[in-house]
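Trainee: prediction below, plus the sequence it came from.
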Amino acid sequence: MTARKLREERLRLWRAERVVDQMHGMDRKVFLAIRVDEMTYPQIAERFDISVGDVEAHFAASLRIMMQAMDEKDPWWWKFWP
């Protein structure tokens with residue numbers, strides 16, 4: 001992997017982490033449970049005492065937030081980020 005590609009990937013990861021940090025409440029908890037803890041929908045529903053439908057709704061909301069944030073064009077100053 002070239003240095004430029006590696007830098008771009010680090011920036012994308014940094015950006016994704018900032019988006020997750022800004023998610024609110026259950027959207028964030030469900031997103032992290034699925035993507036980090038690799039839990040199933042029923043496991044998450046039981047853990048947070050919500051329905052599987054609620055898990056689906058919270059995960060869909062968190063994915064919309066993530067996609068919107070990641071699809072934005074990088075600000076001009078990002079090319080100067082270390």
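Mentor: Received, thanks.
Trainee: just the helices in the protein please.
Mentor: When assigned using DSSP state H, the helices of the chain occupy the ranges 3-22, 25-35, 41-48, 52-71.
Trainee: go through the helix or strand bottoming out on mean pLDDT in the chain and flag the buried ones.
Mentor: Lowest on mean pLDDT, DSSP states H and E among the helices and strands of the chain sits helix 3-22, with a mean of 87. The neighbour-count check on helix 3-22 (16 or more other CB atoms under 10 Å) flags Arg15, Val19, Val20 as buried. For every residue, glycine as well, the C-beta is placed using N, CA and C.
Trainee: only alpha carbons, please: show it as PDB.
Mentor: The C-alpha coordinates for helix 3-22 follow below in PDB (Å, rounded to 0.1, in the frame of the first residue of the first chain):
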ATOM      1  CA  ALA A   3       1.900   6.100   1.700                       C
ATOM      2  CA  ARG A   4      -0.900   8.200   0.100                       C
ATOM      3  CA  LYS A   5      -3.400   5.300   0.300                       C
ATOM      4  CA  LEU A   6      -2.400   4.500   3.900                       C
ATOM      5  CA  ARG A   7      -2.900   8.200   4.800                       C
ATOM      6  CA  GLU A   8      -6.300   8.300   3.100                       C
ATOM      7  CA  GLU A   9      -7.300   5.200   5.000                       C
ATOM      8  CA  ARG A  10      -6.200   6.700   8.300                       C
ATOM      9  CA  LEU A  11      -8.200   9.800   7.600                       C
ATOM     10  CA  ARG A  12     -11.300   7.800   6.800                       C
ATOM     11  CA  LEU A  13     -10.900   5.800  10.000                       C
ATOM     12  CA  TRP A  14     -10.400   9.000  12.000                       C
ATOM     13  CA  ARG A  15     -13.500  10.500  10.400                       C
ATOM     14  CA  ALA A  16     -15.600   7.400  11.100                       C
ATOM     15  CA  GLU A  17     -14.500   7.400  14.700                       C
ATOM     16  CA  ARG A  18     -15.600  11.100  15.100                       C
ATOM     17  CA  VAL A  19     -19.000  10.200  13.500                       C
ATOM     18  CA  VAL A  20     -19.500   7.400  16.000                       C
ATOM     19  CA  ASP A  21     -18.400   9.600  18.900                       C
ATOM     20  CA  GLN A  22     -21.200  12.100  17.900                       C
END
